[in-house]
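Trainee: Requesting a structural model of the entry that follows:
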Amino acid sequence: MKAWRLTRLGGELSFEDIAVPEPRAGSVLVRIQASALLSYIKDYIRGLLPTYTAPKQPFTIGTNGVGEISAVGRDVWHLKPGQRVMVSPHLVARENVPDPAQILIALTAIGAGAEPMLADWPDGTLAEYALLPASAVTPAEGLDGIPAAQLAVLMRFIVPFGGLLRGRLAAGETLIVTGATGAFGTAAVLLAAAMGAGRVIAAGRNQTALDALARVGGSRVFPVCLKGDIQADARVLREAGGGGAQMAFDMVGRARDPNATLAALHSLSRGGRLVLMGSMATELPIPYGVVMLNNLEILGQFMYPANAYSRLLDLVRSGQLDITPIRARIYRLPDLHEAMEAAADAGNVQCVVMQP
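Mentor: The predicted structure follows:
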């Protein structure tokens, strides 16, 4: 089969002929039909993201996908050849221990003790086939009318879905999404509306992108352009939320200052929740008195629970979540270098997808 192989971060990336993997215990072999690219995949390959710990050996890159099970190993009882599945890179060790290791397959080890786990499952989805742990795939029946390339766009939604679940978003609530014009932030806005939020405040600093998001998001999405002044932005957010929001969801990527996050915190109504899921590059100075006097919750969330993909697919099947506002830009597997450039420059309602 063909696969994109990386020797190491900052090393050689090549399109190679390699053997199709043989299933082993607890694994499934998936014929990949589509895989969405991360916007930062080029920087990752070049070794420009120091927080990532990649596999030590050469590995196949690619973090997610849509495919069909080709074969299963022993100790796999429910998944069957021929099933259409979603591939997730988030893998948590299944031992009954207090702090099980976790990795993002073909991307990074997370925390102490995770590197051996990544060495065991190093290979991802930018290939014709991928061998994966059975727990990394979710059946996707009942969605035959959605092409694989469009279904791969769900990668944008599954990450913020974890944060919205963590924050206990309830139907009718007002939600503020900071970083709303980013790839995951835009999906968070659309997803929150699908989950029944009464009002979604899409907050960011790009007015044009905010207006575009409001057009596709519907009548419950309200754009707010932030100026960088914490108190002034908080006042505007509170006004847009009708006096305050029950929940704020921070999805700002690589923020150099905490202003947008703090503005969202100050705009919460009493008992509100702030979920942190972005990638802030600086410290977050928490206003102790504000949090204490207003009974606020601050919740961190990394990725999503194991059953999240099943629940997200249910939203698509029911028609509550329309994923077509995020348009798939399709590239063939050999054209990865061109696709990576496109992914780095893609707008918030575009998603670059690779297909064999």
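Trainee: Shouldn't residue 342 be within a strand?
Mentor: No: counting by DSSP: H, G, I helix; E, B strand; the rest coil, one finds residue 342 to be helix, located in no strand.
Trainee: Which residue is the nearest non-sequential neighbour of it?
Mentor: Of all residues not flanking residue 342 in the chain, residue 352 sits nearest, at 5.0 Å (CB to CB, 6 or more residues apart in numbering). C-beta: built from backbone N, CA, C; applies to glycine.
Trainee: That neighbour touches residue 331, doesn't it?
Mentor: Yes: counting by CB atoms under 8 Å, residue 331 is a contact partner of residue 352 at 6.5 Å.
Trainee: Ranking helices and strands of the protein by mean pLDDT, which lands last?
Mentor: One helix or strand of the chain scores below all others by mean pLDDT, DSSP states H and E: helix 207-217, with a mean of 93.
Trainee: So which residues lie in contact with that one, not counting its own?
Mentor: By CB atoms under 8 Å, 6 or more residues apart in numbering, the residues outside helix 207-217 that reach it are 180-181, 186, 189-190, 193, 200, 202, 204, 221-225, 325, 347-349.
Trainee: show me where the stretch 251-356 of the chain has strands.
Mentor: With DSSP state E, counting those that start in this stretch as the criterion, the stretch 251-356 of the chain has strands at 268-276, 297-300, 327-332, 350-355.
Trainee: Which secondary structure element is home to the spatially most central residue of the chain?
Mentor: By CA atoms, centre = their mean, the chain has its centre lying nearest to residue 159, at 3.1 Å. Element membership for residue 159 (DSSP states H and E) is helix 154-166.
Trainee: Looking at residue 352 and residue 331, which has the bigger crowd around it?
Mentor: Between residue 352 and residue 331, counted using other CB atoms under 10 Å, the more crowded position is residue 352 (24 against 20).
Trainee: From the opening residue of stretch 238-246 to its closing one, how far?
Mentor: One end of stretch 238-246 sits 11 Å from the other (CA to CA, to the nearest Å).
Trainee: rewinding a little: pretty sure the residue nearest to the centre of the chain is touching residue 302, no?
Mentor: No: applying CB under 8 Å, one finds residue 159 not in contact with residue 302, separated by 9.5 Å.
Trainee: okay, and the common contacts of those two?
Mentor: residue 277.
Trainee: Contacts for stretch 177-185, please.
Mentor: If you take CB under 8 Å, 6+ apart as the criterion, stretch 177-185 is touched by 39, 156, 159-160, 186, 188-189, 192, 200-206, 209-210, 213, 223, 226, 248-253, 255, 260-261, 263-264, 277-278, 346, 348, 351.
Trainee: quick one, helices of the stretch 101-250 of the chain?
Mentor: In the stretch 101-250 of the chain, the segments counted as helices under DSSP state H, counting those that start in this stretch are 115-120, 148-151, 154-166, 183-194, 207-217, 230-240.
Trainee: Please disregard the earlier target; I meant the stretch 251-356 of the chain.
Mentor: Secondary structure of the stretch 251-356 of the chain (DSSP H, counting those that start in this stretch): helices located at 259-266, 288-293, 308-317, 336-345.
Trainee: now residue 343: how far from residue 216?
Mentor: According to CB to CB, to the nearest Å, residue 343 stands 20 Å off from residue 216.
Trainee: Who has more neighbours out of the two?
Mentor: Between residue 343 and residue 216, counted using other CB under 10 Å, residue 343 has the larger neighbour count: 24 against 16.
Trainee: hang on, isn't that one packed against residue 35?
Mentor: No: with contact defined as CB under 8 Å, residue 343 does not count as touching residue 35 (11.4 Å).
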